[in-house]
Each structure stands twice: as C-alpha cells, then as structure tokens.
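**Student:** Turn this into a structure:
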Amino acid sequence: DDIKGHWRSTSTEIAIDPNPRGENTFGTLKLGIFPQDTTGKVRAGRDADANPGPVDKKEKSILLASKMTAQGYIVEALIPWKTLRTTPTFTPTVGRNIGFNVILFHAGKKQARVGEDINKSRLAWSYWQGVWGRPIVWGTVILK
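**Tutor:** Okay, here's the model as predicted:
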C-alpha cells in the first residue's frame, strides 16, 4: 500500500511536460507505476509534480494495466489530456510539442521487505543526470 517512492522499486515512470523544456516539474505530470503491489494489483502515484498522491484516489480517470511476463512486465497507461493541469488549459493540437520521458527502474532483489529501497538500475528514453527532476532535458514528442 506504499504507493509512493516508485524509484525505490521495480517501476515505470511516465513524465509529460505540456510546455516543454520547463525548469521544474510543477507544471508536469509524473506518474510512477508499480506493475504489482503486494496483492498483485497494478498501482500508480503521481510524484514530484503539483498534484502528488495515489492515482486511485487523486486521478481516477487514469487507467492502468500490467502483465507479468517471463522477461519482466508490460505496463499500459491511459492518461487523459485533462490530467495535464496547466495555465492556460492544455489543448492537444496537431503539431504541438510536449516534453516526454519514460524511465524504467529495476529492483533486482526478489526477497525484499515491503518498503525497502531496492532500486539497482535505471534506464530512460532521454537519459541525463537528474533527468527525473529536470524537464528541460526530457525528449520531445510531436502530436499527430
């Protein structure tokens, strides 16, 4: 039930900056997805943005799916545009650029205690030192 601190465990982080190259994460959506909690359910929490907390309590419109495989897991997230709370209101239009990154966190310890910090490695689509907290270095996606 500790749906925060996803970087301590095996998880996937999806980071979206509707106004790319931001100086901080306050205008972004940062979603940390745990492929399974202790009951086997996929869970997620917003972290280090302006609306932190468990998604099942704060962002019920975000839908999640996860499937364990022999090689790891597959995670899916449906993130409605309305969850990108910006001023002015974000409007998805063809040709618009948004900042985007995906970071994979790997635990590497199968018999860990609940809540134990077991993160051993990270891999990001756009990887720079401190990338998780620096939207200025995230990749850019063009909406089509």
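
**Student:** so where's this protein shaky on pLDDT?
**Tutor:** Scanning the chain for pLDDT under 70 picks out 1-2, 87-88, 108-110, 115-121, 132.

**Student:** Do a quick rundown of the strands in this structure.
**Tutor:** Remark: strands assigned in the chain by DSSP state E are 11-17, 29-34, 43-46, 53-54, 63-68, 73-78, 97-106, 121-124, 139-142.

**Student:** Including distance to G5, could these go into TSV?
**Tutor:** (C-beta placed from N, C-alpha, C; glycine too.) Listed next are these as TSV, based on distance: least, C-beta to C-beta, whole Å:
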stretch	distance to G5
strand 11-17	9
strand 29-34	8
strand 43-46	9
strand 53-54	12
strand 63-68	18
strand 73-78	17
strand 97-106	10
strand 121-124	14
strand 139-142	24
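
**Student:** if I look at the closest residue in space to K82 that isn't next to it in sequence, how far off is P20?
**Tutor:** Excluding its sequence neighbours, the residue lying closest to K82 (C-beta to C-beta, 6 or more residues apart in numbering) is S61, at 6.8 Å. Distance, S61 to P20, by C-beta to C-beta, to the nearest Å: 23 Å.

**Student:** And these two? Which one has more around it.
**Tutor:** Between S61 and P20, P20 has the larger neighbour count (other C-beta atoms under 10 Å), namely 18 against 11.

**Student:** I'd assumed G139 was in contact with that one.
**Tutor:** No - if you go by C-beta atoms under 8 Å, P20 and G139 don't touch, sitting 9.1 Å apart.

**Student:** what residues do the two have in common as contacts?
**Tutor:** Residues touching both P20 and G139 (C-beta atoms under 8 Å, 6 or more residues apart in numbering) are G99.
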